[in-house]
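Student: Give me coordinates for this.
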Amino acid sequence: MLFSGAILCSFTMQQQVKKWDAPASAKSIKNPVASNAESIAEGKTLYAKFCRSCHGTKGKGDGPKAENLDVSCKDFTKPEFKKQSDGELYWKITNGRDPMPTFKSKASNDERWELVNYIKTL
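Tutor: Now for the predicted structure:
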């Protein structure tokens with residue numbers, strides 16, 4: 001039993017550090033939704049609905065559901081996260097990766113861009 005526990009622990013640790021890169025083609029996708037007070041406010045509302053429970057109120061990856069996940073939630077305030085382009089963030093929101101769901105059918109294209117605009121303010 002100790003051996004299988006060590007494997008599970010190792011597997012969980014590998015999941016936590018596994019890097020998630022958007023494809024190169026996503027980096028150049030331009031955000032068609034202007035980042036202004038209106039789109040950021042809409043994004044904030046969507047963030048509260050879809051993202052806050054895992055990523056936390058301030059985007060630090062410390063939401064109430066985060067501790068129950070096998071992977072750590074990204075901290076949107078860290079410099080390495082902020083280096084991502086709008087297109088990369090849009091691609092990740094659109095496609096998801098377990099345990100983060102896809103938002104392709106949960107949010108419209110514009111809503112996903114509004115989420116990008118808001119997340120970039122954190």
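Student: low-confidence ranges in this structure?
Tutor: Scanning the chain for pLDDT under 70 picks out 1-17.
Student: mind listing the helices for this protein?
Tutor: Using DSSP state H, the helices found in the chain span residues 2-17, 24-27, 37-50, 52-55, 79-82, 86-95, 109-119.
Student: Who are the contact partners of residue 94?
Tutor: 102-104, 112 (CB atoms under 8 Å, 6 or more residues apart in numbering). For every residue, glycine as well, the C-beta is placed using N, CA and C.
Student: how much space between it and residue 62?
Tutor: Residue 94 sits 24 Å away from residue 62, taking CB to CB, to the nearest Å as the criterion.
Student: before we move on, what about residue 38?
Tutor: In this view, residue 38 and residue 62 are 28 Å apart by CB to CB.
Student: more neighbours, the two?
Tutor: With neighbours defined as other CB atoms under 10 Å, residue 38 and residue 62 compare such that residue 62 has more, 15 against 12.
Student: Roughly how far does that one sit from residue 56?
Tutor: When residue 62 is compared with residue 56 (using CB to CB), they lie 4 Å apart.
Student: looking at the helices of the chain, which is closest to residue 73?
Tutor: helix 52-55 (4.8 Å; CB to CB).
Student: ok, and for the closest one, which residues are buried?
Tutor: Within helix 52-55, the residues scored as buried using 16 or more other CB atoms under 10 Å are 52, 54-55.
Student: and if you look at stretch 88-99?
Tutor: 88-94.
Student: cool, stretch 76-86 as well?
Tutor: 76, 81, 84-86.
Student: Quick one: those residues as JSON lines, columns for distance to residue 121 too.
Tutor: Formatted as JSON lines, these follow (distance: CB to CB, whole Å):
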{"residue": "76", "distance to residue 121": "9"}
{"residue": "81", "distance to residue 121": "13"}
{"residue": "84", "distance to residue 121": "14"}
{"residue": "85", "distance to residue 121": "16"}
{"residue": "86", "distance to residue 121": "12"}
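Student: Fine by me, we can end here.
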